[in-house]
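Novice: What shape does this take:
(2 chains)
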Amino acid sequence: SQQGEEDPQALSIQEGENATMNCSYKTSINNLQWYRQNSGRGLVHLILIRSNEREKHSGRLRVTLDTSKKSSSLLITASRAADTASYFCATDPNDYKLSFGAGTTVTVRA
Amino acid sequence: ETGVTQSPTHLIKTRGQQVTLRCSSQSGHNTVSWYQQALGQGPQFIFQYYREEENGRGNFPPRFSGLQFPNYSSELNVNALELDDSALYLCASSLGDSSNYGYTFGSGTRLTVV
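Specialist: Numbers count the residues shown, from 1 in each chain, chains lettered A, B, ... in the order given. All right, here's what the predicted structure looks like:
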């Protein structure tokens, strides 16, 4: 079973716009991580936010975490064509595995 | 970009056969995990190895087995292949507890079972 669920399933935006996707999870976590996957290849680690953190930034990425609502959001600002990919949230409820959601597919139109 | 190398890139096998997938972890990473990703879904955890010992296992049958070697390379073996085993298999390495560092994923092996 998958711990995290992303919303929306798909997102289409114009280049330069912001993209926001959400992740909900079910159990308590140590941290939550976001990954990007291009064209069904390997996953690239984007950002990790710990359970005692509320917000984190990395370049054009901003991640929030609300442990009371068991939810997180990923914001990509000023999107580019290269941001076209699938984005996954993954939770780390224990020390040895990540539980992924089904992902959000983002398409950035030129 | 990635320090994790997987081979082969693509593989076609016949139902009932056995397959071995290989992974070379990022230098110094003593933890390796394997994930299965079916088309249109998120990766599912198969198992993890830490210092050559299995450290945790997901909901996969015993015909999925693995090895980790002293040089941090690893293998995923699948016996008696079934059509549903067709998927992208991802190897991920980390330096100990992923809570601190996240995982570095390889580009995956696309397995097709016919």
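Novice: I figured residue A:33 hits residue A:47, correct?
Specialist: Yes. Applying CB atoms under 8 Å as the test, residue A:33 and residue A:47 come out as touching, 7.1 Å apart. C-betas here are computed from N, CA, C, even on glycine.
Novice: So between those two, which is more surrounded?
Specialist: residue A:33 (25 against 17; other CB atoms under 10 Å in any protein chain shown).
Novice: Is that one bridged to anything, and to what?
Specialist: Residues in a beta bridge with residue A:33, per DSSP bridges, are residue A:48, residue A:90.
Novice: so who does it touch?
Specialist: Residues near residue A:33 by CB atoms under 8 Å, 6 or more residues apart in numbering or on different chains: A:45-49, A:89-92, A:98, B:98, B:102-103.
Novice: want to try JSON lines for those residues, with pLDDT as columns?
Specialist: Shown next, in JSON lines, are the contacts of residue A:33 (pLDDT from 0 to 100):
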{"residue": "A:45", "pLDDT": "93"}
{"residue": "A:46", "pLDDT": "96"}
{"residue": "A:47", "pLDDT": "95"}
{"residue": "A:48", "pLDDT": "93"}
{"residue": "A:49", "pLDDT": "94"}
{"residue": "A:89", "pLDDT": "95"}
{"residue": "A:90", "pLDDT": "93"}
{"residue": "A:91", "pLDDT": "90"}
{"residue": "A:92", "pLDDT": "80"}
{"residue": "A:98", "pLDDT": "88"}
{"residue": "B:98", "pLDDT": "64"}
{"residue": "B:102", "pLDDT": "83"}
{"residue": "B:103", "pLDDT": "90"}
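Novice: neighbouring strands for the helix or strand where residue B:23 lies, and are they parallel or not?
Specialist: Per DSSP states H and E: residue B:23 is located in strand B:19-24. According to DSSP bridges, strand B:19-24 forms sheet pairs with strand B:5-7 (antiparallel), strand B:73-78 (antiparallel).
Novice: looking at the ones you listed, which is buried most?
Specialist: strand B:73-78 (a mean of 19; mean count of other CB atoms under 10 Å in any protein chain shown).
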